[in-house]
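> Here is a sequence with its predicted model. Questions after.
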Amino acid sequence: MKTFILILLVLIPLKNLTGQQPMTFIEADTSTFRAYLDSDWDRIIEVGTTAIDNGIDYYYLRLRIAYAYFMKGRYQKAIPHYKKLLEFSNNDPTGLEYLYYCYRYTARDADAEKLAGRFTPALKNFLGKEDRKPLTGIGINSTFGTGADPSLKDDVSQTAPQDIDGSQILPNSFMNFNFEISHGIQRSIIVHHSANLLNKDEYAFAVVNSTPYISESQKIRQFSYHLSADVTPVEGLTLSPLFSYINYRVPIFYEYGAGSGNKRSVYSYDSHSELVTGIKLEKNLGIVTLSLAGSLSNLNLSKQNTAAASLTILPLGNLNLYLTANGYLHGQKQRDAAIQQFMHSYTLGFKIAKHLWLEGYSTFGEFSNLYDPFSELTYNSLELNKNIRSISLIIPLYKSGASLFAGARLYKSESMFVPVEDVFGSTNSREINYQSFTFGISWKL
């Protein structure tokens, strides 16, 4: 027993001598300041994190840790430290400035604009941030698309129903022009406007009043206007109401016999208007952003309701690598008939050179007549989309705040004969594949 007590008396002092002692304020301050002078960002983060774990927390410690993460390009990691140092010094211009850029460099523009409302007059002047900037963003892009294999035209006209009112469409080509502007209302609301002009050339087989007709080429002209607003009541939480108006004109013409084999053409336009309303809620959780959305629409003679969720991850705490996964539960109804569709999509983007990003996108699951509340794209054509894949190059021009982008998209779809009285009772399915190419430029002001 005496021997056991003697061993304990020997081991206890040894533990105290070899164990890690709690870090002191002077050690934390001296070590992080020296590391700051040596630009040793990893050392600042290591020592600073240990100091905070030991209950040491003050303005300059948070400033050094935040700046270390900022210099390493890990902006999401820097954000909570800049927010904490602003608790120590509420109107600190350095903290406000760097937190603002952390938000901008992680695509949290709504949070950046809200934060700018706290800028001092001197900081606003230094960064060129007026109290009420007329515009916060501008974008222009054009898309050119090919069509289905021309050999399908004769096949469709011969196999589609001849006595049921309805139509079957095969795209020939299309051209789309889109113009976007954004502006702020105070600092907590950003309003987005988008005007879109679509010219589509398509082949159509249709039956009207039990009379079939064939259109070798018909021009569809569509105008759409999209309106949304990002409302940010608190930093990290954004609520976005959405609205879209779509109007398109479809030419109707066919040939019929008169007299001894003479042909006459009848031609007119049929105009349609469609509406979409929706709402989106986005919550930032550090390197993860979660979004929930819902929308109601009346596309192509039926009614739709869509529930959607999105998850975006920035593994490196910046936009050098990002992954977004979206899921959509999409219901459609016409009279007493209804269908449910489920679609999910994924976007992967990463930096491949100093001023060059590559982004890939793919969808899985069949869908039609879908409004995407995340991209604000409307798929209101009659074909069934089975898979969409795209690849894009993005070139940021940092000094001007502009970004150039170019992309190619592959569509794997299904053309069907759609009866007017039963849009879900389609027949005569034919697989079609076509491509599109997009070019554009955007500015963040």
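Received, thanks.
> Helix or strand: which one has L85?
Element membership for L85, per DSSP states H and E: helix 75-88.
> Pull out the buried positions in the helix or strand just after that helix.
Per DSSP H and E, the first helix or strand lying C-terminal to helix 75-88 is helix 93-104. In terms of neighbour count (16 or more other Cβ atoms under 10 Å), helix 93-104 has its buried residues at 95-100, 102-104. Every residue, glycine included, has its C-beta placed from N, CA and C.
> Tell me how this protein divides into domains.
Each domain of the chain is listed here as a residue range: 2-127, 137-444, per automatic domain parsing.
> Which parts of this protein are helices?
Here the chain has its helices, by DSSP state H, at 2-18, 25-37, 41-53, 59-71, 75-88, 93-104, 109-116, 121-127, 152-159.
> and the shortest one, what does it pack onto?
Meaning helix 121-127. On a contact count with 3 or more Cβ pairs under 8 Å, 6 or more residues apart in numbering; DSSP states H and E, helix 121-127 meets helix 93-104.
> And for the last one?
Contact analysis of helix 152-159 by 3+ Cβ pairs under 8 Å, 6+ apart lists strand 166-185, strand 189-208, strand 402-419, strand 427-444 as its packing neighbours.
> The second one relative to helix 152-159, how many degrees between them?
Same thing as strand 189-208. Orientation check (axes from the mean of the first three to the mean of the last three Cα atoms, to 10 degrees): strand 189-208 against helix 152-159 gives 50 degrees.
> Kindly point out the strands partnered with strand 189-208 and how each is oriented relative to it.
strand 166-185 (antiparallel), strand 211-234 (antiparallel) (DSSP bridges).
> Now do the longest one, average pLDDT.
Same thing as strand 211-234. Strand 211-234 comes out with an average pLDDT of 87.
> starting at the chain centroid, how far to that strand?
Relative to its chain's centre, strand 211-234 lies at 19 Å (Cα atoms, centre = their mean, to the nearest Å).
> and what of the shortest one?
Taking Cα atoms, centre = their mean, one finds the center of strand 166-185 at 17 Å from the center of the full chain.
> Also stretch 42-52?
Between the centre of stretch 42-52 and the centre of its chain there are 35 Å (Cα atoms, centre = their mean).
> Alpha carbons of it, as CSV, please.
Output of stretch 42-52 as CSV, limited to C-alpha atoms (Å, rounded to 0.1, in the frame of the first residue of the first chain):
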residue,chain,number,x,y,z
ASP,A,42,-2.0,28.7,-40.6
ARG,A,43,-0.2,29.5,-37.3
ILE,A,44,-2.6,32.4,-36.6
ILE,A,45,-5.6,30.0,-37.1
GLU,A,46,-4.1,27.3,-35.0
VAL,A,47,-3.1,29.5,-32.1
GLY,A,48,-6.2,31.7,-32.3
THR,A,49,-8.5,28.7,-32.2
THR,A,50,-6.7,27.3,-29.2
ALA,A,51,-7.0,30.7,-27.5
ILE,A,52,-10.7,30.9,-28.0
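> Show me what counts as buried in it.
Those would be 43-48, 50-52, for stretch 42-52 by 16+ other Cβ under 10 Å.
> Now flag whichever of the residues you listed is closest to N300.
Nearest to N300, judged by Cβ to Cβ, of these is I45 at 54.8 Å.
> pLDDT score assigned to that closest one?
On pLDDT, I45 comes in at 95.
> Same check on Y346?
On the pLDDT scale, Y346 is placed at 97.
> just checking, it touches S362?
Yes: with contact defined as Cβ atoms under 8 Å, Y346 reaches S362; the gap is 5.8 Å.
> Would you mind giving the helices and strands packed on helix 152-159 as TSV with mean neighbour count added?
Putting those into TSV (neighbours: other Cβ atoms under 10 Å) gives the following:
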stretch	mean neighbour count
strand 166-185	19
strand 189-208	19
strand 402-419	18
strand 427-444	16
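> G137 is nearest to which of the ones you listed?
Across those, G137 has its closest neighbour in strand 166-185 (3.9 Å, Cβ to Cβ).
> Can you tell me which of the buried residues of stretch 42-52 is nearest A148?
When the buried residues of stretch 42-52 are ranked by distance to A148 (Cβ to Cβ), I45 comes first, at 56.0 Å.
> quick one, what contacts the closest one?
65, 68-69 (Cβ atoms under 8 Å, 6 or more residues apart in numbering).
> any idea how far it lies from S167?
Computed as Cβ to Cβ, to the nearest Å, the I45 to S167 distance reads 63 Å.
> Then S151?
To S167, S151 is 20 Å away according to Cβ to Cβ.
> ditto for R34
From R34 to S167 the distance is 75 Å (Cβ to Cβ).
> same check, this time on N300
11 Å.
> Same question for F342.
Going from F342 to S167 by Cβ to Cβ gives 26 Å.
> what does N209 give?
For N209 relative to S167 (Cβ to Cβ), the value is 13 Å.
> Ok, L63 next?
Going from L63 to S167 by Cβ to Cβ gives 66 Å.
> What score does the nearest residue to L63 once chain neighbours are set aside have for pLDDT?
Of all residues not flanking L63 in the chain, L85 sits nearest, at 5.3 Å (Cβ to Cβ, 6 or more residues apart in numbering). Looking at L85, its pLDDT is 93.
> and if you look at the one 5 residues further on?
Reading off the per-residue confidence, N90 sits at a pLDDT of 87.
> What of D131?
On the pLDDT scale, D131 is placed at 59.
> do the same with the one 5 residues further on
Reading off the per-residue confidence, T136 sits at a pLDDT of 84.
> Ok, Q341 next?
What the model reports for Q341 is a pLDDT of 95.
> how close does it sit to S291?
From Q341 to S291 the distance is 20 Å (Cβ to Cβ).
> contacting residues around stretch 122-138?
Contact with stretch 122-138 is made by 93, 96-97, 100, 109, 113, 116, 119, 180-184, 190, 192, 442-445, as judged by Cβ under 8 Å, 6+ apart.
> Recalculate using a threshold of 10 Å.
With Cβ atoms under 10 Å, 6 or more residues apart in numbering as the contact definition, stretch 122-138 has outside contacts at 91-94, 96-97, 100-101, 109-110, 112-113, 116-117, 119-121, 179-187, 190-192, 401-402, 441-445.
> For the stretch 101-250 of the chain, give me the ranges with low pLDDT.
Applying pLDDT under 70 to the stretch 101-250 of the chain picks out residues 130-133, 216.
> L86 reaches Y100, doesn't it?
No: in this structure L86 lies outside contact range of Y100 using Cβ atoms under 10 Å: 11.3 Å.
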